[in-house]
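Colleague: Here you go, sequence then predicted model.
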Amino acid sequence: MPYQPFSKGDRLGKVADWTGSIYQDRRYMNKYTSQFGGGASQYAYYHDEDESSFQLVDTTKVQKPIYQRGRTKFNQNKLRREREKRAALDQANMQVLTKTQKSRERDRQRQLKKWQKQFGRAMQQRNQKTQIKNRDASVTVKETWEVVEEMDFPRLCKLSLPNIGDPVDIGTYGSLEYYDKQYDRVTTKNEKRLKRINRIFHKVTTTDDPVIRQLAKSHGNVFATDAILATLMCCTRSIYSWDIVVQKVSNKLFFDKRDDSEFHLLTVSETATEPPQDEGNSINSPKNLALEATFINHNFSQQVLKMNEERYKFDQTNPFHQKDEDGEVASVGYKYRKWNLGNDIQLVARCEHDAVMYGPNGELQFINVKSLNEWDSRFCGGVDWRSRLDNQRGAVLATELKNNSCKLAKWTISALLAGSENIKFGYVSRVHQRDSVKHVLLGTQQFKPLEFASQINLSMDNAWGILRCVIDICRKLNDGKYLIMKDPNKPFIRIYSIPDNTFESSESEDDDEEDESDKSDEGNHGNQSYVTVYQLGYLSTSHPPKYYSNYKFLFLFEL
């Protein structure tokens, strides 16, 4: 490296003057001259002409295809717009803000961070669009089963059967406890712990009901329970698979739930955008959530009542209560009602009330008590009940209407069928998100069934139309046993023709063999003829079975 003498007082003004022709003004000729004279020869550039290092280059423009012409112009316009946008943004950021504007900007940034923290994870999961797994059918369809009818939901939604008259009460059974109004004052600030109430709940299907066995002799030709009717009338809202057994004997139809089925379990987030899909023993799997919701509903419906006080009693006692049963029977009242659906269809159904209360004017009102449960706010709409329930109860209810549309519609129809004046909803949440055993009550809400039906866009004319359509199809079938099942992954319900011995347990088959002699002795009484509805063994109405949920009957009616 050659040494160039210099002085600290020299002005470095000609660092980039490669040609020496930039500073031609005579006034500045010596301005940047070194004190050591023009001794910059060590780094001077000397050009040696060497034409051999150059070659001729073709600079003619390459002709582009037609589809590529104009692309450069488009890209240039796009880049220009982006530059203008950035320039405008930079100019806006460089503006001097007043104190008020600075305060608003800080509030806006603080709110933006809060939203990102609260909804960022939900938005990220929504953008991922996790694929919903294929659900399993409620019962395995065998190859020998024949599809006799298929109904899609779009057509069922268009059905209507208006002007259904008021029902006729045939009989009332059971006893009801009074609702404790102190639970109407429960809020998130004075929440109450959900207690465990050990009481007996009878979930008896149609043909196992001794009262319906008696009514089949003289009243109606279509028989069901309110839960079965509500499932059929709200089928267009259902997502999960379910099934109902139909028995057709002569001109009579019996709608039953299948033994050992999950028909009475309450679904959770069934109609949500992303329903729960955990598997195995996870507490948030669909089956475990259904068990948890049913457990909560049973306990809540009894805890809010005035226990150990005098009950309101109907005309008859509970037909399913056994004297030798251990434990107290839950508060429930049964109404057996009959509707005329036209076309010679007389529907008889068992409906239920959960409690009774005094109205504003001191009148007695029958009510149904149900509970909504929060299992994890992050996966059910992102609405935290503890922070929203007191101030924004409408937002909480709207989220539940979206996530549990089918369940709420079935509860509403059951209340309308029973003639309840009010529905009481309880908002129950887990104490901890990872603990499915401990729960607290955060609040209650009351609705009139008709007003709530209009609020959730539930049309009773359409519900009656769907039920009438199903009944008309089943009445045209031959005598036998059929299964109505909702497709687990498509909006269809199908009617299968199944053998008569389908879903029968081994115990029932043993009872058949033991009771062959009884049927031969008791089959003829004088000139009366009898037809068996369930050929599973005879049991007189004066001795009802001890376990209704696992026992089927042979009951007789005169032709």
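Modeller: Structure's in. What do you need?
Colleague: what's the pLDDT at residue 530?
Modeller: The pLDDT attached to residue 530 in the predicted structure is 28.
Colleague: Over to residue 173?
Modeller: On pLDDT, residue 173 comes in at 95.
Colleague: That one belongs to a helix?
Modeller: No. Counting by DSSP: H, G, I helix; E, B strand; the rest coil, residue 173 falls outside a helix, being strand.
Colleague: What is the burial count for it?
Modeller: 20 (other CB atoms under 10 Å). Heads up, the C-betas are built off the backbone N, CA and C, glycines and all.
Colleague: again with residue 312
Modeller: Taking other CB under 10 Å as the neighbour definition, residue 312 ends up with a count of 17.
Colleague: so it sits right up against residue 179, yeah?
Modeller: No. Contact between residue 312 and residue 179 fails when scored by CB atoms under 8 Å: they sit 10.8 Å apart.
Colleague: Need the overlap of contacts for those two.
Modeller: Jointly contacting residue 312 and residue 179 under the rule CB atoms under 8 Å, 6 or more residues apart in numbering are residue 356.
Colleague: how about residue 334, what does it touch?
Modeller: 172, 173, 174, 211, 314, 318, 319, 350, 351, 352.
Colleague: okay, the strand or helix carrying it in CSV with CA atoms only?
Modeller: Secondary structure assigned from DSSP states H and E places residue 334 in strand 332-342. Written as CSV, here are the backbone C-alpha positions of strand 332-342 (Å, rounded to 0.1, in the frame of the first residue of the first chain):
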residue,chain,number,x,y,z
VAL,A,332,-92.3,-34.6,37.6
GLY,A,333,-95.9,-34.4,36.4
TYR,A,334,-97.2,-36.4,33.5
LYS,A,335,-100.1,-35.3,31.2
TYR,A,336,-101.5,-37.7,28.7
ARG,A,337,-103.0,-35.6,25.9
LYS,A,338,-104.7,-36.3,22.5
TRP,A,339,-104.5,-34.3,19.3
ASN,A,340,-106.6,-34.6,16.2
LEU,A,341,-104.2,-34.2,13.2
GLY,A,342,-106.8,-34.8,10.5
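Colleague: Just the buried positions in it, please.
Modeller: For strand 332-342, the neighbour count (16 or more other CB atoms under 10 Å) marks 332, 333, 334, 335, 336, 337, 338, 339, 341 as buried.
Colleague: again, but for stretch 385-394
Modeller: In terms of neighbour count (16+ other CB under 10 Å), stretch 385-394 has its buried residues at 385, 388, 389.
Colleague: and the buried residues of strand 332-342 as JSON lines, adding pLDDT?
Modeller: Converted to JSON lines, the buried residues of strand 332-342 look like this (pLDDT from 0 to 100):
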{"residue": "332", "pLDDT": "94"}
{"residue": "333", "pLDDT": "95"}
{"residue": "334", "pLDDT": "96"}
{"residue": "335", "pLDDT": "95"}
{"residue": "336", "pLDDT": "96"}
{"residue": "337", "pLDDT": "96"}
{"residue": "338", "pLDDT": "95"}
{"residue": "339", "pLDDT": "95"}
{"residue": "341", "pLDDT": "93"}
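Colleague: so which pair among those residues is furthest apart in space?
Modeller: Of all pairs drawn from the buried residues of strand 332-342, the greatest distance, 26.2 Å, lies between 332 and 341 (CB to CB).
Colleague: check contacts around residue 503.
Modeller: 245, 258, 259.
Colleague: need the contact list for residue 281.
Modeller: residue 288.
Colleague: Any figure for the gap between it and residue 135?
Modeller: According to CB to CB, to the nearest Å, residue 281 and residue 135 sit 19 Å apart.
Colleague: cool, residue 197 as well?
Modeller: Between residue 197 and residue 135 the computed distance is 32 Å (CB to CB).
Colleague: who's the residue lying closest to residue 215 once chain neighbours are set aside bridged to?
Modeller: Leaving out its chain neighbours, the residue that sits closest to residue 215 by CB to CB, 6 or more residues apart in numbering is residue 348, at 5.7 Å. With DSSP bridges applied, residue 348 shows beta-bridge pairing to residue 223, residue 338.
Colleague: got the contact list for residue 348?
Modeller: In this structure, residue 348 makes contact with 170, 212, 215, 219, 220, 222, 223, 224, 336, 337, 338, judged by CB under 8 Å, 6+ apart.
Colleague: can you give me the mean pLDDT across the host helix or strand of residue 76?
Modeller: Remark: residue 76 resides in helix 71-93, with elements defined by DSSP H and E. Model confidence over helix 71-93, given as mean pLDDT, is 74.
Colleague: tell me the mean pLDDT for the next helix-or-strand element following it?
Modeller: Towards the C-terminus, the helix or strand next in line after helix 71-93, according to DSSP H and E, is helix 99-128. Averaging pLDDT along helix 99-128 gives 75.
Colleague: Could you give me the buried positions within helix 99-128?
Modeller: Neighbour-count burial for helix 99-128, with 16+ other CB under 10 Å as criterion, is recorded at no position.
Colleague: and the helix or strand following it, what does it pack onto?
Modeller: On the C-terminal side of helix 99-128, the closest following helix or strand by DSSP H and E is strand 146-152. In terms of contacts (3 or more CB pairs under 8 Å, 6 or more residues apart in numbering; DSSP states H and E), strand 146-152 is packed against helix 460-475, strand 492-498.
Colleague: what's next to the first one, contact-wise?
Modeller: Residues from elsewhere that reach helix 460-475, judged by CB under 8 Å, 6+ apart: 149, 151, 156-157, 159-162, 164, 222, 229, 232-236, 246, 248, 251, 253, 341-343, 345, 347, 413, 416, 453, 482, 484, 495.
Colleague: Ok, the last one next?
Modeller: With contacts defined as CB under 8 Å, 6+ apart, strand 492-498 is touched by 141, 145-153, 156, 235, 246, 473-474, 477, 480-487.
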